[in-house]
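Trainee: Let's see this in three dimensions:
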Amino acid sequence: MKSLRFVSAFLLACVFAPAQQYLVSTVAGTGGSAGWSGDGGPATQAQLNNPVRVAVDKAGNVYITDYTNSSVRRVNIANGTIDTVAGRGSFGFAGDGDNAKGAGLSNILDVAVDQNTGDMFIADSLNSRVRWVSPSGIITTFAGNGSRGYSGDGGAAASAALYFPSAVALDKDGNVYIADYGNATVRKVNRQTKVITTVAGVGYSIYGAAPGDGGPATRAFLSLPFSLGFDAAGNLYIGDTGTSSIRRVGADGIIRTYIDNFVAQNFAVEGNGTIYVAEYRTNTVQKILPGGTRLWIGGNGTSGYAGDGGIGTSAQFSQPYGVAVDAAGNVLVADAANAVVRRLSPINFSIGAVANAASLTGFAPPLSGIGDASQAISAGEIVVLYGAGIGPATLTVASPANGVFPTTLAGTTVTFNRIAAPLLYVSATAVAAIVPYSMNGQVSADIRVNFNGRNTPINTVPLFPTAPGIFTADSTGGGQAAALNQNGTLNNVNNPAQIGSIVTLYATGEGQTSPGGVDGKTASAAPYPAPIQPVSVTIGGFSAVVNYAGAAPTLVAGVMQINVQVPSGIAPGNSIPVVLTIGGVRSRQVTIAVTQ
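Mentor: Modelled structure (predicted):
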């Protein structure tokens, strides 16, 4: 059996991982019926139809490839209005030399904007061309002669043959790169000479692997390249969908796999190589750090249109497709099936959001006109407050004195209805606190953070009798639960629990207990507090026998331990869904691994 010290450290790792959180909002589209309307008015009252890609210019204006409408729409970030900047709204090829608004475009799959000049480049895919829109609004063909093929390297780009160009990107010198999807290559057009060359791929695909890694990109095989991007160092990133990877071509021309198991078709790159991915199959948005660490920043995994004003991971998306990042770190997402463009904004004001420390199902209090009271917290719940300047620059983790966690830590205090809360950790952007048990029976809590004598504005949040969340292994609130098998080892895909065995789960948000919980006190002796509300667990959709539900020995009040038996009726698997219900309130679904 693992030691209690190990269990404590494991749960601290689950809770004490203050990742950047994002607030979600709609930038364009109504979220209702698709269509083509609204030019000249507020973008959030306009209709889009299957927006698939987004881009931003230097001023932060948002460009949308309105796929079914065969047009490019632009949202003026200063006043929130929308206009069409290219495309007449119907399929075809026409308009070169004239105003781009009257041009015929077909199957627009991408748009890129030169950050220095404002020139716009459009992947006019079905026309096998890349179109160029000048700052004055005149459209011409930049690359591709309209015939599907693979030819023209070393000559004029407009005379070359392309085959379903799916993406465009610009390097720091303004040269234009084209994902030549049907030819399994990436082509480059020198901006000055307009000469086209191939910089990656050999002209046909090989599926299932990434052949050519470690060698010249021009000798490597690509498979259905669908998206492109550049980092600040000038490295080229290729979404090689047929090999389920993102590959990177360095300044030396050598290609290597940067991210494996890449199931999405679109991504965006920040200057440091951080990748943002919109996964339309799982209805989520992910942030992939250099080195491969994945952070879940948007979408709760279910299809729908909900959550504006709240934390990104609590929101619903429906087939998010394209993604872009602006200079401020806002992530723009083409939420295709909802016919909207959403924005995930990093929280950067006072107390920006409150979240259940286990499930991260959160909401934004009413600050700066942003609010969503659809989520709530409960007495005794471990919560995380996200914001800016709400604690010390260096993360400080609390140590209990005589078995009690402090209410002041590194100059930081949090109050709920003027009652000081026990603190688990504090930092400049995230503070973990335990809702005082005296909040039980109250309908709302006024939350305030004081850091070195400076108070944040009061934020009022609703209180529920229970608000359960199961701790997860990576602090995201989804996926693998922070669970122990019957022998005390960690449950994971390499170490599944046997059917019929006991699995230990850890949660928070159980509400008031009997005997009553003591703020900040560790559970040191029986009788251990247990929730007064009924507790049930389902595993794989089957009701599971709960052998114990109460305080976790040696851990702080607010951490609940549930010992539950894996039902005999379920089929083995690596991701068996688990849901905890307390007092009729369900937690977010997590998973465990189960074997025979």
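
Trainee: For this structure, give me the ranges with low pLDDT.
Mentor: 1-20, 207-210, 347-375, 474-478 (pLDDT under 70).

Trainee: For it, which segments count as helices?
Mentor: Per DSSP state H, the chain carries helices over the ranges 4-15.

Trainee: Where do the domain boundaries of it fall?
Mentor: 39-276, 351-462, 468-595 (automatic domain parsing).

Trainee: Now mean neighbour count and distance to residue 296 too, for the ones you listed, in JSON lines please.
Mentor: The C-beta positions use only the backbone N, C-alpha and C, and glycine is treated the same way. Compiled in JSON lines, those are given as follows (neighbours: other CB atoms under 10 Å; distance: least, CB to CB, whole Å):
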{"stretch": "domain 39-276", "mean neighbour count": "20", "distance to residue 296": "12"}
{"stretch": "domain 351-462", "mean neighbour count": "20", "distance to residue 296": "9"}
{"stretch": "domain 468-595", "mean neighbour count": "19", "distance to residue 296": "5"}
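
Trainee: JSON lines for the ones you listed, including distance to residue 323?
Mentor: Listed next are the domains of the chain as JSON lines, based on distance: least, CB to CB, whole Å:
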{"stretch": "domain 39-276", "distance to residue 323": "5"}
{"stretch": "domain 351-462", "distance to residue 323": "21"}
{"stretch": "domain 468-595", "distance to residue 323": "18"}
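
Trainee: among these, which is nearest residue 312?
Mentor: domain 351-462 (9.4 Å; CB to CB).

Trainee: chain center to the closest one, what's the gap?
Mentor: Here domain 351-462 is found 23 Å from its chain centre; the criterion is CA atoms, centre = their mean, to the nearest Å.

Trainee: Tell me which of the domains of the chain sits nearest to residue 328.
Mentor: domain 39-276 (7.2 Å).

Trainee: any chance you could map the strands in the stretch 101-250 of the chain?
Mentor: 108-113, 120-124, 129-133, 139-143, 165-170, 176-180, 185-189, 196-200, 225-230, 236-240, 245-249 (DSSP state E, counting those that start in this stretch).

Trainee: Tabulate those in TSV, adding columns for distance to residue 420.
Mentor: As requested, the strands of the stretch 101-250 of the chain are exported to TSV (distance: least, CB to CB, whole Å):
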stretch	distance to residue 420
strand 108-113	50
strand 120-124	55
strand 129-133	59
strand 139-143	63
strand 165-170	52
strand 176-180	56
strand 185-189	58
strand 196-200	59
strand 225-230	47
strand 236-240	48
strand 245-249	47
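
Trainee: Longest strand in the chain, please.
Mentor: Secondary structure of the chain read by DSSP state E shows that its longest strand is strand 573-582.

Trainee: Export that strand to CSV, keeping only CA atoms.
Mentor: Included here for strand 573-582 are C-alpha records, laid out as CSV according to Å, rounded to 0.1, in the frame of the first residue of the first chain:
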residue,chain,number,x,y,z
GLY,A,573,-10.8,-0.4,-21.4
ASN,A,574,-8.2,2.4,-21.0
SER,A,575,-10.7,5.2,-20.6
ILE,A,576,-13.7,3.9,-18.6
PRO,A,577,-15.9,6.9,-17.7
VAL,A,578,-16.4,7.7,-14.0
VAL,A,579,-19.0,10.2,-12.6
LEU,A,580,-19.5,11.1,-8.9
THR,A,581,-22.9,12.4,-7.7
ILE,A,582,-23.4,14.1,-4.4
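
Trainee: Contact partners for residue 556?
Mentor: 382, 400, 405, 422, 424, 434, 520, 521, 522, 523 (CB atoms under 8 Å, 6 or more residues apart in numbering).

Trainee: Name all residues that make contact with the closest residue to the fourth one other than its chain neighbours.
Mentor: It stands for residue 422. Once flanking residues are discounted, residue 422 sits nearest to residue 520: 3.1 Å by CB to CB, 6 or more residues apart in numbering. Neighbouring residues of residue 520 by CB under 8 Å, 6+ apart: 400, 404, 405, 406, 407, 422, 434, 556, 557.

Trainee: Nearest to residue 453, out of these: which one, please.
Mentor: Of all those, residue 453 sits closest to residue 407, with 15.6 Å by CB to CB.

Trainee: chain center to stretch 314-333: distance?
Mentor: 8 Å.

Trainee: Next: stretch 331-343.
Mentor: Stretch 331-343 sits 12 Å away from the centroid of its parent chain (CA atoms, centre = their mean).

Trainee: how long is it end to end?
Mentor: Distance between the two ends of stretch 331-343: 6 Å, counting by CA to CA, to the nearest Å.

Trainee: Quick one: list the elements packing against the longest strand of the chain.
Mentor: On a contact count with 3 or more CB pairs under 8 Å, 6 or more residues apart in numbering; DSSP states H and E, strand 573-582 meets strand 502-508, strand 535-539, strand 590-595.

Trainee: Let me know which of the ones you listed is the nearest to residue 440.
Mentor: It is, among those and with distance given as CB to CB, strand 502-508, at 14.5 Å.

Trainee: any residues touching that closest one, and which ones?
Mentor: Residues outside strand 502-508 that contact it (CB under 8 Å, 6+ apart): 11, 14, 356-358, 380-382, 468-471, 481-486, 491, 497, 537, 539, 547, 552, 558-566, 578, 580, 587, 592.

Trainee: sorry, back to before: select, out of the domains of the chain, the one closest to residue 288.
Mentor: Short answer: domain 39-276, nearest of these by CB to CB, at 4.2 Å.

Trainee: how long is the closest one end to end?
Mentor: Start-to-end, domain 39-276 (CA to CA) is 29 Å.

Trainee: got it, and stretch 250-262?
Mentor: End-to-end distance (CA to CA), stretch 250-262: 20 Å.

Trainee: hmm, back to that, parallel or antiparallel, which strands does the longest strand of the chain pair with?
Mentor: Its sheet considered, strand 573-582 pairs with strand 535-539 (antiparallel), strand 585-586 (antiparallel), strand 590-595 (antiparallel) by DSSP bridges.

Trainee: mind checking how far the last one is from the chain centre?
Mentor: Between the centre of strand 590-595 and the centre of its host chain there is 23 Å, according to CA atoms, centre = their mean.

Trainee: would you put the C-alpha positions of that strand in PDB?
Mentor: Provided in PDB are the C-alpha atoms of strand 590-595 (Å, rounded to 0.1, in the frame of the first residue of the first chain):
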ATOM      1  CA  VAL A 590     -13.200  11.500 -15.700                       C
ATOM      2  CA  THR A 591     -11.800   8.100 -16.600                       C
ATOM      3  CA  ILE A 592     -10.000   5.100 -15.100                       C
ATOM      4  CA  ALA A 593      -8.300   2.100 -16.800                       C
ATOM      5  CA  VAL A 594      -9.900  -1.300 -16.200                       C
ATOM      6  CA  THR A 595      -8.800  -4.800 -17.000                       C
END
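
Trainee: Report the angle between it and strand 502-508.
Mentor: 170 degrees (axes from the mean of the first three to the mean of the last three CA atoms, to 10 degrees).

Trainee: how long is stretch 253-263 end to end?
Mentor: Stretch 253-263 end-to-end distance (CA to CA) = 25 Å.

Trainee: how long is stretch 483-494 end to end?
Mentor: 13 Å.
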